[in-house]
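Q: Next one to model:
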Amino acid sequence: MTQQKLTVLVTEAVQLDRKIAEMQDRLKEVKALLIGEGAGRPDEHTATEGGGTSWTAVGCDGCIARVTWPAPALKSKISGEGRTIEKVRTLAGSAFERLFRPVLAYQPVPDFRDEAVVLLGRAAPKLIRAVESESAPKVAFETKEVVVA
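A: The predicted structure follows:
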């Protein structure tokens, strides 16, 4: 790719990024308005399978917007110590062991890669690879402010 083509490509990418950001901001505004409208029409809500409710509005061409208020989600984990687990144990009573299972988890320490090299030397790369997950490349844009005279 020539330098000129690269310059044009970067300019196009930045222009697209600006337009998308503007449209995403407007979409957020519209969604907030729809949520507000739906919240104000509780008599039009229908129950969902998960225990929540939903409200549907129809657009000019027959398209629909559906606002869903899901039922509260279950916590993915509860700490094994503290007031919460004590309360849960009390409420569950003898059924606690059948309703909950203990899960042991490990988290890498801060500066894990450096620590692994210090502690394991040449064996560190294998361990580091074992606890890594792939990350997708990201592109960020910096837009130059245009001065209007």
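
Q: quick one: residue 11 from residue 111, how far?
A: Relative to residue 111, residue 11 is positioned 40 Å away (CB to CB, to the nearest Å). All C-beta atoms are positioned from the backbone trio N, CA, C, and that covers glycine.

Q: actually residue 122, not the one I typed
A: For residue 122, the distance to residue 111 - CB to CB - is 19 Å.

Q: Of these two, give the one with the bigger neighbour count.
A: residue 111 (10 against 7; other CB atoms under 10 Å).

Q: For that one, give me phi and psi.
A: phi 60, psi 40 (degrees, to the nearest 10).

Q: Distance-wise, check it relative to residue 117.
A: 10 Å.

Q: Let me know the next secondary structure element after the longest helix anywhere in the chain.
A: If each helix of the chain is counted by residues according to DSSP state H, the longest one is helix 3-39. On the C-terminal side of helix 3-39, the closest following helix or strand by DSSP states H and E is strand 46-47.

Q: can you list contacts of that next one?
A: Residues outside strand 46-47 that contact it (CB atoms under 8 Å, 6 or more residues apart in numbering): 53-56.

Q: Swap in 10 Å and give it another go.
A: 52-56, 66, 68, 71 (CB atoms under 10 Å, 6 or more residues apart in numbering).

Q: Of all pairs in the residues you listed, which one spans the longest distance?
A: 56 and 71 (18.1 Å; CB to CB).

Q: hang on, the earlier thing: tell me what the longest helix of the chain is packed against?
A: strand 53-58, strand 64-69 (3 or more CB pairs under 10 Å, 6 or more residues apart in numbering; DSSP states H and E).

Q: Redo these as CSV? Include mean pLDDT and mean neighbour count.
A: Output for these, formatted as CSV (pLDDT from 0 to 100; neighbours: other CB atoms under 10 Å):
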stretch, mean pLDDT, mean neighbour count
strand 53-58, 92, 15
strand 64-69, 93, 14
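
Q: Any regions of the chain where pLDDT drops low?
A: Residues of the chain that meet the criterion pLDDT under 70 lie in 137, 139-149.

Q: if you set the cut-off to 80 instead, what comes out?
A: For the chain, the stretches with pLDDT under 80 are 50, 135-149.
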